[in-house]
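# With the sequence up front, the predicted model follows.
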Amino acid sequence: MRAHRSSRVAAALVTVLAVGGCGDSSSPGPTPLVIPAFLAVGDEGGFAQIFRVADSVETNLSMSSSNDIEPRSSAGRIVFSTDRDGNAEVYIGDTLLTVSRRVTHSGANDDRPDIDPTGATIVFVSDRSGAPRLWTVAAPALDADTTGEPVALETGSSTATPEDAPVWSPDGGTIAFSSTRTGRSEIFTVAAGGGTATQITNEVGGAFTPAWSSDGRTIYFTSTVGGLHIRKVNASGGSATDFAADSLDLDAASCNATLCLTAEDPSGALGSILAYPVKGGNAVTVLARTHNERQLEIPAP
């Protein structure tokens, strides 16, 4: 257990959004967006650290002299990648990272982890066989003495074709990821146990960093056409549509049943963390960025 943790009250503005538009005094009042507690990567002490943000208060969960990035959370666990062992490795911890342990042990780079909704399996990206590809490994108990051996996930393409950004569907049956097998990065889905992946997007400028809707029917992704912004597509494929855009560009989204969180200016530190209602409408400013907050994650139940 750590003796203490640093926390601060961030300057924040959580506005109320009327989803249905303006009305007269007899119309129902505006529907507020409820901002859940979420994880973010921020910079502190010269390192990238994982923060928990709740009610505009940020608490540093990492408290380490290493770069802890790419947090994902489900089933009461957080998985993330860190360079504390000299290269990128996957770690798992409890919801406050009071206890964490190493999962992968490789001289290669193991990163971009996500844990399935039951907390049983971790999917991650590794270049241990050459190109960065999808691998899976059993999620160990936090007090386990050993960890399982990672297994390459079959997706139906050459092992020389790069893959990235895997995310579990809410029911745990499917993994969405990006792949350049068509000549540019597009979003694909594959059964959790592996198989031949299905192409979901067909974007002129490519599609990156998928995120599932809470009901598993929609996949949000990042588009580079006209600046970084967020588009969405039916999880079974079809024509994609714009979801959110900003003059400062937007980072990848993390979504729940009512909203998607994203950070402005993902390559810098300008702007704020924003929440967009999934039913459409203007953004709500959640947090003014003071730690270059990015890589947002709304923990799944």
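Good, I have the coordinates. Given the structure is predicted, the values throughout are model-derived calculations rather than measurements.
# Look at A191 and say how many residues are nearby.
The local packing of A191 (other Cβ atoms under 10 Å) involves 15 other residues. (Each C-beta comes from the backbone N, C-alpha and C, glycine too.)
# Then the one 5 residues further on?
The tally of other residues near T196 (other Cβ under 10 Å) stands at 11.
# Can you verify my assumption that V137 contacts T147?
Yes: using Cβ atoms under 8 Å as the test, V137 is close enough to T147 to be in contact (7.0 Å).
# Quick check: neighbours shared by the two?
When contacts are counted by Cβ atoms under 8 Å, 6 or more residues apart in numbering, the set common to V137 and T147 consists of 103-104.
# ok, and N87, which helix or strand is that part of?
For N87, there is no helix or strand it lies in under DSSP states H and E.
# Which residues are in contact with it?
N87 makes contact with 106-109, according to Cβ under 8 Å, 6+ apart.
# which non-adjacent residue is nearest G271?
Leaving out its chain neighbours, the residue that sits closest to G271 by Cβ to Cβ, 6 or more residues apart in numbering is E264, at 2.7 Å.
# What does the one you found show for phi and psi?
Main-chain torsions, E264, degrees, to the nearest 10: phi -70, psi 160.
# for it, what are its contacts?
The contact partners of E264, by Cβ under 8 Å, 6+ apart, come to 246, 248-251, 270-274, 289.
# So which of those are in strands?
272-274 (DSSP state E).
# can you list the residues you listed in CSV and add distance to G193 and neighbour count?
Below are the ones in strands among the contacts of E264 laid out as CSV (distance: Cβ to Cβ, whole Å; neighbours: other Cβ atoms under 10 Å):
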residue, distance to G193, neighbour count
S272, 40, 21
I273, 36, 25
L274, 36, 24
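# Out of those residues, which comes closest to E58?
I273 (10.5 Å; Cβ to Cβ).
# What is the nearest of the ones in strands among the contacts of E264 to F47?
I273 (20.0 Å).
# Is it correct that that closest one is in contact with V41?
No: applying Cβ under 8 Å, one finds I273 not in contact with V41, separated by 11.7 Å.
# Overlap of the contact sets of these two?
E293.
# follow-up on the earlier one: now tabulate the contacts of E264 in CSV and tack on pLDDT and distance to S236.
Below are the contacts of E264 laid out as CSV (pLDDT from 0 to 100; distance: Cβ to Cβ, whole Å):
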residue, pLDDT, distance to S236
D246, 96, 28
L248, 96, 32
D249, 97, 29
L250, 97, 25
D251, 96, 26
L270, 94, 37
G271, 96, 34
S272, 97, 34
I273, 98, 31
L274, 98, 28
R289, 95, 35
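# out of those, which are buried?
246, 248-251, 271-274, 289 (16 or more other Cβ atoms under 10 Å).
# Which single one of those residues is nearest to L96?
I273 (20.4 Å).
# So what pairs up with the closest one in the strands?
Beta bridges link I273 to A263, L287, judged by DSSP bridges.
# could we number from 44 for the rest of this?
Okay, using 44 as the starting number, the last item reads as I316.
# can you pull the contacts of it?
I316 sits next to 83, 96, 304-307, 328-330, 332, 336, 339 when contact means Cβ under 8 Å, 6+ apart.
# which of those residues lies closest to D111?
A83 (11.5 Å).
# which one is that closest one nearest to, not counting chain neighbours?
Nearest to A83 is E336, by Cβ to Cβ, 6+ apart, at 4.3 Å.
# since we're on the one you found, how many residues are nearby?
Counted with other Cβ under 10 Å, E336 comes out at 26.
# Quick check: it touching L82?
No: counting by Cβ under 8 Å, E336 does not reach L82; the two are 10.0 Å apart.
# so what sits against both of those two?
94, 96.
# re the thing from before, which one of the buried ones among the contacts of E307 is nearest T198?
Nearest to T198 among the buried ones among the contacts of E307 is D294, at 25.3 Å by Cβ to Cβ.
# Contacts only, for that closest one.
265, 271, 305-307, 309, 337-339.
# related to what we said a few turns ago, can you add distance to A240 and give the ones in strands among the contacts of E307 back as TSV?
Formatted as TSV, the ones in strands among the contacts of E307 follow (distance: Cβ to Cβ, whole Å):
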residue	distance to A240
S315	35
I316	32
L317	31
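# What's the local residue count around S99?
16.
# just V247 next, same as before
By other Cβ under 10 Å, 9 other residues sit near V247.
# Backbone dihedrals for it, please?
Dihedral angles (degrees, to the nearest 10) for V247: phi -60, psi -40.
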